[in-house]
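1. let's see this in three dimensions:
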Amino acid sequence: MLKNQNIICISSIDWDFVWQGHQEIMAHFAKNGNRVLFIENTGVRSPGIRDISRIKNRIKNWLKGVKGIRKEAENVYVFSPIVLPFPYSRVARWINRRLILSVLEKWMKIVDFSDPIVWTFLPTGLALDLINNINNKLIVYYCIADFEKLVKNPAGIRRSETGLIKISDLVFAQGEKLKRRCEAYNKKVAIFPFGVNIDRFNENKVGAKKPADMEHIKGIIIGYIGGVHKHVDLGLIRFLAERNKGWTLLFIGPVQVDISEMKGLGNVIFLKKKEHNELAGYINNFDVCLIPYLLNEYTETVYPTKINEYLAMGKPVVSTALPEVIKFNNEYKQIIYTAAAYEDFEELIKKAMKESSLELRNRYVEAARDNSWDARIEKMSVLINNEIEQKKMDKEGRWKENLLFFYRSARRKAVKFIILCLVFYYIIFNTSFVWFLASPLKISEFAQKADAIIVFGGGVGETGSPGKSTIERARYAVELYKKGYASNIVFSSGYAYIYNDAENMKLIAVSMGVPEKNIILEEKANSTYENVIFSKNILEKNNWKRVLLVSSPYNMRRAQMVFNKNCKGINVIYSPVPLAQFYDRDTGVRLEQIKAVIHEYSGIVYYWLKRYI
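-> Model (predicted):
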């Protein structure tokens with residue numbers, strides 16, 4: 001059997017659901033020294049009203065662990081992820097993938113859960129996404145059902161299952177029909193029906209005493225264990241109960257469908273789900289065991305797990321004529337009674353009770369022992385170990401090809417990267433793309449008479465001298481002043497190295513003939529937002545309602561958005577520097593121009609987040 005491996009199981013049921021092959025296989029692996037992470041069902045369909053209890057249970061299980069992961073037993077960890085319940089939505093699938101992987105990757109790193117075998121019962125797109133994002137040693141898909149028959153969107157799950165089968169190293173199938181379907185895409189397919197835990201289902205280890213909730217039941221007991229789901233033929237149960245008042249038809253397991261049609265039938269009893277290790281005590285008190293499934297497209301591929309559990313207890317089994325049951329019967333000399341019609345089913349139950357003998361009981365037990373989980377999992381393990389060794393040998397044998405492929409791949413990536421860089425460089429520096437991006441930022445209006453001219457500073461250099469942008473803005477403001485558009489200038493900037501930026505602009509204006517008394521300095525602002533807010537205080541103090549704004553062409557859009565939100569009642573005329581160095585298209589695109597455009601768009605996004613605009 002497998003030993004000392006890490007195994008991630010992507011399950012189609014939850015750990016604490018009715019005990020089935022999912023839990024049995026992983027429990028066996030864990031007992032043999034393998035570490036198992038059991039990822040509970042993430043869904044093949046959108047949930048409905050009847051799933052509310054399961055949703056509550058999932059939330060409860062998520063809270064029991066750390067980010068949904070808990071240690072359930074020695075070497076067994078269970079992950080109960082909270083996901084969006086839309087398995088065929090691409091957006092939900094992307095979100096769910098990130099939700100699960102964000103936890104899974106951290107957990108795997110913390111507990112050193114590297115190079116796992118990934119074993120999946122679930123063929124959904126999300127399961128496929130998880131597998132593709134986990135560095136694994138081997139991929140095993142256990143095809144236990146025809147999931148296309150369980151969902152409203154068969155095309156979606158058909159695509160994902162096909163993709164899963166193709167990438168799987170091994171495929172295990174419940175029966176012949178599923179095997180044939182899988183072999184269309186992968187030749188490494190083996191049939192493994194669900195087995196039975198012989199140690200747990202052994203009549204010699206079960207006491208004669210009835211379970212407490214069965215003590216009141218007298219007479220003949222016709223029993224069934226498992227979920228009462230939509231594939232159980234309730235019409236057959238009603239037929240048997242109405243015609244045989246001396247029988248008690250006992251169902252043990254979760255009820256997943258409406259059973260109102262059983263109302264009024266005193267000899268039909270439903271008991272709640274029992275722990276797996278309790279079931280043998282109930283089966284031991286059955287006279288006949290049932291598999292009363294409907295015959296439909298889904299059950300054509302179903303191998304009922306409970307067959308071997310019934311047989312291991314030495315009990316006769318009556319089943320509808322499911323293809324996999326008929327196949328089982330052919331292999332084990334017709335030890336199960338199978339019927340197609342209701343009347344035949346009834347007669348076979350009576351026949352099974354009459355024919356009961358020690359010889360038959362021994363045949364039942366021997367058939368079950370032949371289908372024990374120990375035997376099943378040992379055979380699975382041989383195939384898995386062989387495949388791991390084969391992959392290892394193939395990898396070692398192809399080192400030269402792999403190395404050459406690596407260098408060829410790296411060379412192709414390098415060439416693609418260089419070409420992409422050249423295309424990017426050409427678009428940025430040899431087309432009008434940058435000017436196209438910059439054009440929405442620019443606002444330019446004809447100058448008009450105003451109460452004042454506001455100038456936003458352009459910053460100072462490391463020497464403390466004014467930068468080119470500052471000089472441009474100061475000079476243009478003086479031009480507007482001399483042309484009589486306004487009799488006052490407000491220089492706004494808090495930038496400083498050795499000298500303040502606003503002070504530098506004042507010196508330029510004074511040197512060009514503007515009287516100091518007509519200049520007001522605002523020396524605290526360190527952003528466009530602060531330029532507007534601090535200048536607003538000056539405007540309100542002087543009762544100025546109409547202003548000309550001078551700044552760079554790129555800065556005008558952000559300034560306008562701040563003014564519109566924060567300065568109601570002030571009429572702003574936007575007059576950017578007409579020949580600004582950052583907007584000079586004749587010299588071609590320069591790096592500082594690209595930086596300016598990026599800076600402005602980033603500033604707009606930041607201001608929006610801060611609710612400045």
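
2. and L249, helix, strand or coil?
-> When the structure is split into helix, strand and coil by DSSP: H, G, I helix; E, B strand; the rest coil, L249 lands in strand.

3. next up, the contacts around it.
-> If you count contacts by CB atoms under 8 Å, 6 or more residues apart in numbering, L249 has them with I222, G223, Y224, I237, L240, A241, N267, V268, I269, L290. Every C-beta, even on glycine, is put in place using the N, C-alpha and C of the backbone.

4. quick one: contacts for the fourth one?
-> Contact analysis of I237 by CB under 8 Å, 6+ apart lists L249, M262, V268, P292.

5. distance-wise, check it relative to I252.
-> 14 Å (CB to CB, to the nearest Å).

6. about what we covered before: what's the closest of the contacts of I237 to S444?
-> Among the contacts of I237, M262 lies closest to S444 (CB to CB), at 81.5 Å.

7. contacting residues for the closest one?
-> Residues in contact with M262, defined by CB under 8 Å, 6+ apart, are L234, I237, R238, A241, V268, F270.

8. distance from the chain centre to the helix or strand containing the second one, please.
-> By that I understand I237. Element membership for I237 (DSSP states H and E) is helix 234-243. Put simply, helix 234-243 sits 43 Å off its chain's centre (CA atoms, centre = their mean, to the nearest Å).

9. show the average pLDDT along that helix.
-> For helix 234-243, the per-residue pLDDT values average out at 96.

10. still on that earlier bit, which of the contacts of M262 are buried?
-> A residue is treated as buried here by neighbour count (16 or more other CB atoms under 10 Å); on that basis the buried members of the contacts of M262 are L234, I237, R238, A241, V268.

11. right, and the last one touches A241 too?
-> Yes: under the criterion of CB atoms under 8 Å, V268 is in contact with A241, at a separation of 4.9 Å.

12. mind showing which ranges of this structure have poor pLDDT?
-> 49-50, 203-205, 207-208, 397, 459-466, 580-587 (pLDDT under 70).

13. and the strands in the stretch 151-300 of the chain, which stretches?
-> For the stretch 151-300 of the chain, the strands defined by DSSP state E, counting those that start in this stretch cover 170-173, 189-191, 220-225, 247-252, 268-271, 288-291.

14. out of the ones you listed, flag the one nearest D451.
-> Between D451 and those, the tightest spacing by CB to CB is seen for strand 170-173, at 81.8 Å.

15. who touches the closest one?
-> 138-143, 165, 179, 182, 186, 188-192, 380, 383-384, 387.

16. of these, select the buried ones using a PyMOL command.
-> Restricted to buried positions by 16+ other CB under 10 Å, the PyMOL selection for the contacts of strand 170-173 reads:
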select buried, resi 138+139+140+141+142+143+165+179+182+186+189+192+380+383+384+387
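
17. let's see which of the contacts of strand 170-173 end up in helices.
-> If you go by DSSP state H, those have I165, K179, C182, M380, L383, I384, E387 in helices.

18. what's across from the closest residue to the second one other than its chain neighbours in the sheet?
-> Pointing back at K179 there. By the measure of CB to CB, 6 or more residues apart in numbering, the closest residue to K179 outside its immediate chain neighbours is A173, 4.1 Å from it. Under the criterion DSSP bridges, A173 forms beta bridges with C143, I191.

19. E183 versus A173, what's the distance?
-> 9 Å.

20. now the common contact residues for the two.
-> V189.

21. of the two, who's got more company?
-> Between A173 and E183, counting by other CB atoms under 10 Å, A173 is the more crowded of the two (23 against 14).

22. any idea how far that one is from W19?
-> From A173 across to W19, the span is 21 Å (CB to CB).

23. before we move on, what about Y606?
-> Remark: distance between Y606 and W19 (CB to CB) = 56 Å.

24. which one's more surrounded, these two?
-> Counting neighbours by other CB under 10 Å for Y606 and for W19 shows that W19 has the greater number, 21 against 14.

25. doesn't R557 make contact with P440?
-> Yes: with contacts defined as CB under 8 Å, P440 counts as touching R557 at a distance of 6.6 Å.

26. neighbour-wise, which of the two wins?
-> A direct count of neighbours by other CB under 10 Å for P440 and R557 places R557 higher, at 19 against 11.

27. nearest residue to the more buried one other than its sequence neighbours?
-> Distance criterion CB to CB, 6+ apart; nearest residue to R557, sequence neighbours excluded, is L441 at 4.5 Å.

28. for that neighbour, list the residues it contacts.
-> P553, Y554, N555, M556, R557, R558, V597, E600, Y601.

29. the closest residue to S469 other than its chain neighbours: neighbour count?
-> Take S469 and drop its neighbours on the chain: the residue closest to it by CB to CB, 6+ apart is G458, 2.9 Å away. By other CB under 10 Å, 26 other residues sit near G458.
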